[in-house]
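Colleague: requesting a structural model of the entry that follows:
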Amino acid sequence: MTLIRRQFLELLGGLGATLSAMQNATSPAFAQAYPTRPIRIIGTTGPGGQGDTTARLVAAKLTDTVGQPFYVENMPGAGGNIAMAATARAAPDGYTVLCATSNLVTNISLYPKIPYDPYKDFEPVSLLCSSPHVLVVHPSVAAKSVNELVALAKADPGKLSYASAGRGTPAHLAGELFKFTFGVDITHVPFNGGGPGTAAALAGHVQMSVSALPTAITYIHAGNLRALALMGSRRSSALPDVPTMKEATGHDLPADIVNGFVFPTGTPKPIVEFLHAHVVKVMALPDVKEKLASMGFDPVAGTPEEFMAWIRSEIPRWAKVIRDANITIQ
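Modeller: Residues are numbered from 1 along each chain as shown. The predicted model follows:
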């Protein structure tokens, strides 16, 4: 059982182990020492992106529960490297936290050089939420299942093409993972963002797309795109009738879009425990879960140790996909 699946199935697993840390981190003596001023959340995407929306939702709730402002500062660019480098260089005093995305575990293999070390420069706090990628086809495609799509691709190699949000994006990597797993020749067509890629699939310019669920879900519900399977660890409440790739084919291909909080390395443990305790509270709020569900996300509030274990397991997993597909970004 993969780590991310266990986190989903046991949504607040490890909460009991967190309670003692929560009691210590929220004690009156500690509360007087931290925080005494606003906390900056660095975002890797521009305003309106899924990472930004998640960060702002959690920031607003943390402001209410902690009693100090949490505010989001967007630092888009270079696939998230600008934001991650800024966080790695920040003072480890608890007043700068990164809302990390899946690029935290892929950029080390995509770029020839990055200005931070994902293993050493960050102190995980907690995963926040996760959403699967979804494999969709244009309604004109004859395949009604993943197995039928694979059969079509093998019958006519190179004829089918799939859209992604761009070269090196999590959607691209998920598409390449699909190709390698099933041994199919499908042409990748990168676009500048998930929206344009989905639009190409809607127009029939490409036969299929590997898309972030929040980007495609409206068109799936409207019948403009046919969802064949989720590349995630479990079914989504937003698309309860769409199977996971493992259910559809027997092959488990988790390719979740993940958001999580990390501090710069060296941040004192009581501060990490304090923020983690409040994140657990926030992610369990009914209105937060409802808002995330409407976006195609599920809350995931694991421990800092679980988050670090996920980082260490995902880096080599995606490194193999990137190496096998010969993907590089300058």
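Colleague: can you give me the buried ones in stretch 36-50?
Modeller: Using 16 or more other C-beta atoms under 10 Å as the burial criterion, the residues of stretch 36-50 that qualify are 39-45, 49-50. Any C-beta I mention is one placed from the backbone N, CA and C, and that applies to glycine too.
Colleague: give the rounded mean pLDDT of it.
Modeller: In this model, stretch 36-50 carries a mean pLDDT of 92.
Colleague: now stretch 312-320
Modeller: Averaging the model's pLDDT scores along stretch 312-320 yields 96.
Colleague: which of the residues in it are buried?
Modeller: In terms of neighbour count (16+ other C-beta under 10 Å), stretch 312-320 has its buried residues at 314-315, 318.
Colleague: just the C-alphas of the strand or helix carrying residue 109, formatted as PDB.
Modeller: For residue 109, the element it lies in under DSSP states H and E is helix 103-110. Output in PDB follows, covering the C-alpha atoms of helix 103-110 (Å, rounded to 0.1, in the frame of the first residue of the first chain):
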ATOM      1  CA  ASN A 103       7.100  20.200  -8.400                       C
ATOM      2  CA  LEU A 104       8.900  19.800  -5.100                       C
ATOM      3  CA  VAL A 105       9.600  16.200  -6.000                       C
ATOM      4  CA  THR A 106      10.000  16.500  -9.800                       C
ATOM      5  CA  ASN A 107      12.200  19.600 -10.400                       C
ATOM      6  CA  ILE A 108      15.400  18.000  -9.100                       C
ATOM      7  CA  SER A 109      15.200  15.600 -12.100                       C
ATOM      8  CA  LEU A 110      13.800  18.000 -14.600                       C
END
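Colleague: now the buried residues of stretch 312-320 in TSV, with distance to residue 280 and secondary structure?
Modeller: Conversion of the buried residues of stretch 312-320 to TSV gives the following (distance: C-beta to C-beta, whole Å; DSSP: H, G, I helix; E, B strand; the rest coil):
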residue	distance to residue 280	secondary structure
314	22	helix
315	25	helix
318	27	helix
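Colleague: just the closest of those to residue 126, please.
Modeller: Within the buried residues of stretch 312-320, proximity to residue 126 (C-beta to C-beta) peaks at residue 314, which comes in at 15.8 Å.
Colleague: list the contacts of the closest one.
Modeller: With C-beta atoms under 8 Å, 6 or more residues apart in numbering as the criterion, the residues that contact residue 314 are residue 105.
Colleague: still on that earlier bit, is it possible to get a markdown table of the buried residues of stretch 36-50 that adds distance to residue 100?
Modeller: Supplementary listing: the buried residues of stretch 36-50 in a markdown table, determined by distance: C-beta to C-beta, whole Å:
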| residue | distance to residue 100 |
| --- | --- |
| 39 | 16 |
| 40 | 14 |
| 41 | 11 |
| 42 | 9 |
| 43 | 10 |
| 44 | 7 |
| 45 | 11 |
| 49 | 13 |
| 50 | 13 |
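Colleague: next secondary structure element downstream of the helix holding residue 109?
Modeller: Heading C-terminal from helix 103-110, the first helix or strand you meet, by DSSP H and E, is strand 122-137.
Colleague: on that earlier part again, can you spell out which helices and strands pack onto the helix holding residue 109?
Modeller: Contact analysis of helix 103-110 by 3 or more C-beta pairs under 8 Å, 6 or more residues apart in numbering; DSSP states H and E lists helix 81-89, helix 170-182, helix 304-325 as its packing neighbours.
Colleague: make CSV from the ones you listed and add distance to residue 259 to it.
Modeller: Listed next are the helices and strands packed on helix 103-110 as CSV, based on distance: least, C-beta to C-beta, whole Å:
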stretch, distance to residue 259
helix 81-89, 13
helix 170-182, 12
helix 304-325, 11
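Colleague: ok, which of the ones you listed comes nearest residue 56?
Modeller: Of all the helices and strands packed on helix 103-110, helix 81-89 sits nearest to residue 56, with 14.8 Å by C-beta to C-beta.
Colleague: who's in contact with the helix or strand just after that closest one?
Modeller: Per DSSP H and E, the first helix or strand lying C-terminal to helix 81-89 is strand 96-100. Residues from elsewhere that reach strand 96-100 (C-beta under 8 Å, 6+ apart): 39-44, 51, 54-55, 58, 72, 80, 83-84, 87, 90, 122, 125, 128, 258-264, 275.
Colleague: related to what we said a few turns ago, most tightly packed of the helices and strands packed on helix 103-110?
Modeller: Between the helices and strands packed on helix 103-110, the one whose residues have the most neighbours on average, counting mean count of other C-beta atoms under 10 Å, is helix 170-182 (a mean of 23).
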